[in-house]
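Asks: Only the shape, not the letters, is given here:
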């Protein structure tokens, strides 16, 4: 029987990228959802394998009906700071496998709380897929496996302009500035203020040396749970660099009441998106990920570093999520419960998926 995939929020640029990846690499029939009752499938998708479904996530009966008609649900309706785990719960209740592009700490915690429930229901749920989090997690796993004793993980990301995504990504950035967050440093949980402690990282060209800042990512939760390390650093930056300085200024000097005001978040998001519409012309919309793991190998200090580069961050997200979805559909990834990417997918499967999509990941051992 033909696999049927439901992409919640499939009309957005991220959801559309996931749909295109699945059309390319699987024979699944795709249903994309949106809130517009008069919506339609994007022109990039083949009409013989795609259809549009108007769906309000607040309508639990409609959601359950849509989910129960599918083999797999891909949740792309962000920002996930605003989402509960109702889609995942519905999948568990109906026995349908699940994956998402979530990038929120609070959402990640809510999803992980359902691990045993999903396990008992026999469904595989993989969260935080995409490029970062997602591909980045598997890069770390592959680096960790090169060492006898991993101790420190340092993940950093840079995105050109809008990254080829929509205004939702801008909302996610500014929502990430709202509150301090906890990270593991030298074996202890410490509270960090977002967009602080600028660090210059050498990324692959065209980015080169780029400034990155502390940013709250789900990897900061899942990597310490997965690997016996002392420190996990997650930092993010944008290109061109003046966006970094503007974001730093907002994070440092704007009152908390402003940053927690939905109207202010919307204002910042649309202004930023408008600015990137211009700067994209010279910055590009690509993404670079750099993973570095330090520790011991054969009793001596050692360091493993990986880098990934793609000219379009939205398409790279589609690659990360689409590859996970493909593995689930093909039965190669069956792990009942709720898991982050590095907890669910082996390095062998990861490398095969990236090779099939021509995403090269460089790895060096020092």
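Replies: Looks like it arrived, so ask away. On a predicted model such as this, the values are computed, not experimentally measured, just so you know. Numbering: from 1, shown residues only.

Asks: give me the low-pLDDT residue ranges for the stretch 201-350 of the chain?
Replies: In the predicted model, the stretch 201-350 of the chain carries no residue with pLDDT under 70.

Asks: quick one, helices of it?
Replies: For the stretch 201-350 of the chain, the helices defined by DSSP state H, counting those that start in this stretch cover 219-226, 242-253, 256-259, 262-283, 313-329, 341-344, 347-356.

Asks: average pLDDT across the very next helix or strand once past the last one?
Replies: Once helix 347-356 ends, the next helix or strand along the chain (criterion: DSSP states H and E) is strand 361-365. Along strand 361-365, the predicted local confidence has a mean pLDDT of 95.

Asks: do stretch 141-155 as well
Replies: pLDDT averaged over stretch 141-155 gives 98.

Asks: Using TSV, lay out the helices of the stretch 201-350 of the chain together with mean neighbour count and distance to residue 299.
Replies: Quick note: C-beta positions are derived from backbone N, CA and C, even for glycine. Listed next are the helices of the stretch 201-350 of the chain as TSV, based on neighbours: other C-beta atoms under 10 Å; distance: least, C-beta to C-beta, whole Å:
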stretch	mean neighbour count	distance to residue 299
helix 219-226	22	24
helix 242-253	16	40
helix 256-259	13	47
helix 262-283	15	45
helix 313-329	28	35
helix 341-344	25	26
helix 347-356	16	24
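
Asks: Tell me which of these lies nearest to residue 107.
Replies: Closest approach to residue 107 among the helices of the stretch 201-350 of the chain (C-beta to C-beta): helix 219-226, 10.7 Å.

Asks: which outside residues touch that closest one?
Replies: Identification of contacts with helix 219-226 by C-beta atoms under 8 Å, 6 or more residues apart in numbering yields 105, 108-109, 112, 128, 132-133, 136-137, 140-141, 153, 155, 181-184, 229, 232, 234, 340, 342-343.

Asks: go with 6 Å
Replies: 108, 133, 153, 155, 183, 184, 232, 234, 340, 342, 343 (C-beta atoms under 6 Å, 6 or more residues apart in numbering).

Asks: wait, what's in contact with the last one?
Replies: Spelled out, it's residue 343. Per C-beta under 6 Å, 6+ apart, neighbours of residue 343: residue 226.

Asks: and if we set it to 8 Å?
Replies: 222, 225, 226.

Asks: And residue 20, by the same measure?
Replies: By C-beta under 8 Å, 6+ apart, residue 20 lies in contact with 44, 45, 315, 318, 322.

Asks: Please, which helix or strand holds it?
Replies: Using DSSP H and E, residue 20 falls within helix 13-25.

Asks: For that helix, give the mean pLDDT please.
Replies: Helix 13-25 comes out at a mean pLDDT of 95.

Asks: And the next helix or strand past that helix?
Replies: Helix 13-25 is succeeded, C-terminally, by strand 29-34 (DSSP H and E).

Asks: That next one: what's the following helix or strand?
Replies: strand 50-54.

Asks: and residue 235, how many neighbours?
Replies: A count of neighbours around residue 235, defined by other C-beta atoms under 10 Å, yields 22.

Asks: what about it, distance to residue 316?
Replies: Computed with C-beta to C-beta, to the nearest Å, the distance linking residue 235 and residue 316 is 18 Å.

Asks: Contacts only, for residue 132.
Replies: Per C-beta under 8 Å, 6+ apart, neighbours of residue 132: 103, 155, 157, 217, 219, 287, 289.

Asks: Let me see the contact set for the first one.
Replies: Pointing back at residue 103 there. Residue 103 touches 78, 80, 128, 130, 132, 133, 172, 217, 218, counting by C-beta under 8 Å, 6+ apart.

Asks: Please produce JSON lines containing the residues you listed, extended by distance to residue 266.
Replies: What follows is the contacts of residue 103, written out as JSON lines (distance: C-beta to C-beta, whole Å):
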{"residue": "78", "distance to residue 266": "14"}
{"residue": "80", "distance to residue 266": "17"}
{"residue": "128", "distance to residue 266": "25"}
{"residue": "130", "distance to residue 266": "23"}
{"residue": "132", "distance to residue 266": "24"}
{"residue": "133", "distance to residue 266": "25"}
{"residue": "172", "distance to residue 266": "13"}
{"residue": "217", "distance to residue 266": "23"}
{"residue": "218", "distance to residue 266": "24"}
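
Asks: contacting residues for residue 214?
Replies: So residue 214 contacts 183, 192, 193, 194, 195, 196, 197, 233, 234, 235 (C-beta under 8 Å, 6+ apart).
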